[in-house]
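Student: Build me a structure from this.
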Amino acid sequence: MEEAIAKAATLVEAYEYIRRFDGKAVVVKMGGSIMDDPKAMQSLVQDVCFMHAVGMRPVLVHGGGKSITEQMQAAGIEAQFVQGRRYTDERTLAIAEHVLVNQVNKQLVEMINELGPRAMGLHSLGSCVVFAKRLFFELAESGGGDSGPRASGRGPAVESPKRKIDLGFVGEVEWVNGNLIKALLEARYIPVIAPICRDAAGGKLNVNADSVAGYVAAAIRAEKLVLVSDTHGIRTSDDPQSLSSSLTKAQIEGLIERGVITGGMLPKVEASITALKAGVSKAHIIDGRIPHSLMLEVYTKSGVGTEIVL
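Tutor: Coordinates of the predicted model:
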């Protein structure tokens, strides 16, 4: 009896959020090691289908980085990353497209369709909705000058010379066909988006999936952006107990300046800020290894990860 009462209480709590988010779009990004865990993937897909069933309009964006790395290793190619982005030559791009489109995207569409809703894959080999341009990073040259005012305090500040870092066929989002995504949502489809994008000339670019999710959420003015990975959220220090349940944009920027947020977390917080600036209410970073973490974050007061707000 106690177990049944607890379940009823959970449903009552969820009802408030089901009413609040009825008809609202939410962009969910799936990535990290959960992509290699069939149970975790199944749990997340079930959560997405539940959201669809109770009136929300989910959009699923996915990565597939670890599978790409494994197939690169099998081909004798060493993976290299710069600020969370994978260096991509022609061979790497071909592997990434095969994994992301022919394997991961196809599998997710089939899983959703088997559970009842209708899903549609959007990617570089079909209906592409995300368009990009080549991405270059600028890094300061070491020893080329001071990054600030001179130590003596005399004379003007001298900036370090910058050099461009070519990441190969790596892109940054330039435009999202939000109208097509909205039309699919209105027709009660679940769009499933792979992060291989087209450029203005029709070429293909590998784009960070977190970034794609952020721009998609911005383009359709989603209610929420939820980044599901293999991290519990954002820590405010090296202490494992410093996990924060809620952070503002200003606090995020401070953690980046202090070097607390680095590496693969950078694209996640950048995507969150992109979405928030466009009018998305909240962004969330949660751990997909927790069973049904997506439902716990969206439909309960306590949540399970870090929410980011302006």
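
Student: pLDDT of the helix or strand hosting residue 214, averaged?
Tutor: Using DSSP states H and E, residue 214 sits in helix 209-219. For helix 209-219, mean pLDDT is 97.

Student: what ranges do the helices span in this structure?
Tutor: With DSSP state H as the criterion, the chain has helices at 2-20, 38-53, 65-74, 90-97, 106-114, 178-186, 209-219, 249-257, 265-277, 293-299.

Student: Pick the most deeply packed of those helices.
Tutor: Highest mean neighbour count of these: helix 209-219, a mean of 28 (counted as mean count of other Cβ atoms under 10 Å). Glycine gets a C-beta too; all of them are placed from N, C-alpha and C.

Student: who does the helix holding residue 214 touch, helix- and strand-wise?
Tutor: strand 25-30, strand 57-62, strand 130-140, strand 162-176, helix 178-186, strand 224-229, helix 265-277 (3 or more Cβ pairs under 8 Å, 6 or more residues apart in numbering; DSSP states H and E).

Student: Relative to residue 231, which of the helices of the chain is closest?
Tutor: Nearest to residue 231, of all the helices of the chain, is helix 265-277, at 7.3 Å by Cβ to Cβ.

Student: The closest one vs strand 25-30, what angle?
Tutor: When axes from the mean of the first three to the mean of the last three Cα atoms, to 10 degrees is applied, the directions of helix 265-277 and strand 25-30 differ by 180 degrees.

Student: which secondary structure elements does helix 265-277 contact?
Tutor: Using 3+ Cβ pairs under 8 Å, 6+ apart, helix 265-277 sits against helix 209-219, strand 224-229, helix 249-257, strand 282-287, strand 306-309.

Student: mind redoing it with 6 Å?
Tutor: Counting contacts by 3 or more Cβ pairs under 6 Å, 6 or more residues apart in numbering; DSSP states H and E, helix 265-277 packs against helix 209-219, strand 282-287.
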